[in-house]
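K.L.:
coords please:
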Amino acid sequence: MTTKKQPSANATTAATEKPAGRPDNPFLDAAFYGRMRDYTERDAAFSKELKSINDRGAGKRSPDAREAPSLQVLRLVVKKGLPLHEIFARIVRGVESGLWESWLAPFGIELQGVSYARTGPRNARLALDLSLGSKATSAFSNAGIPNWRSLAAEDCGQVQVHKPTEKTPAKAYAVFYLDAAEK
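P.N.:
A predicted model of the protein is given here:
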């Protein structure tokens, strides 16, 4: 007869499993996204992708809006006579501060906070609308990037998801930052 206690089955499996990390977002794979869209309605597909984005959270790979690979397509789009990369440059320089909000709106970007000080970094906080009716959707669709929401969420510094209510639809934002370069 032994006096040693046998390890439980749960303890054995817990030792062999990987540690818990960020959950996977299958929508990062464009092929999966395409297959899913073949058999899922538009609203249901959006809900599933938004849930995956919310579960995974922000990837923080490239939170500077001037350098984020997921925003490359959007930075080249011209609205109101200016490409987005030029608008970002003007924000960093601090010129034409009264126009920034109206310039960013056609791109589906909201200026949530910015330093208007004459000197120093702008420290702008830009929220890219990820919702179903986002103005950015057309630019990404024209470029052939259907899973742009998941890609933007991997680059951004923060993800904000507001659940739908009876009167308001679901809203989601990928928050990027726009700080002046260190000198």
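K.L.:
which residues does Leu126 contact?
P.N.:
Shown in contact with Leu126 (CB atoms under 8 Å, 6 or more residues apart in numbering): 65, 104, 109-112, 175-178. All C-beta atoms are positioned from the backbone trio N, CA, C, and that covers glycine.
K.L.:
CSV please, covering the residues you listed and showing neighbour count.
P.N.:
Shown next, in CSV, are the contacts of Leu126 (neighbours: other CB atoms under 10 Å):
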residue, neighbour count
Ala65, 29
Leu104, 22
Ile109, 27
Glu110, 15
Leu111, 17
Gln112, 12
Val175, 19
Phe176, 27
Tyr177, 19
Leu178, 21
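K.L.:
from those residues, which single one is nearest His85?
P.N.:
Ala65 (9.3 Å; CB to CB).
K.L.:
Which residue is the nearest non-sequential neighbour of that closest one?
P.N.:
Phe176 (3.9 Å; CB to CB, 6 or more residues apart in numbering).
K.L.:
Off-centre distance for the strand ranked longest in the chain?
P.N.:
What stands out as the longest strand in the chain, according to DSSP state E, is strand 171-178. Per CA atoms, centre = their mean, to the nearest Å, the displacement of strand 171-178 from the mean C-alpha position of its chain is 6 Å.
K.L.:
Show me what it is packed against.
P.N.:
Judged by 3 or more CB pairs under 8 Å, 6 or more residues apart in numbering; DSSP states H and E, the packing partners of strand 171-178 are helix 42-56, helix 84-93, strand 124-129, helix 148-155, strand 158-162.
K.L.:
Which one of the contacts of Leu126 is nearest to Phe140?
P.N.:
Comparing those against Phe140 with CB to CB places Ile109 closest, at 13.3 Å.
K.L.:
Verify the stated contact: the closest one with Ala127.
P.N.:
Yes: counting by CB atoms under 8 Å, Ala127 is a contact partner of Ile109 at 6.8 Å.
K.L.:
ok, the most centrally placed residue in the chain - contacts?
P.N.:
Nearest residue to the geometric centre of the chain (CA atoms, centre = their mean): Ala153, 2.7 Å. Counting by CB under 8 Å, 6+ apart, Ala153 touches 25, 53, 56-59, 130, 159, 174.
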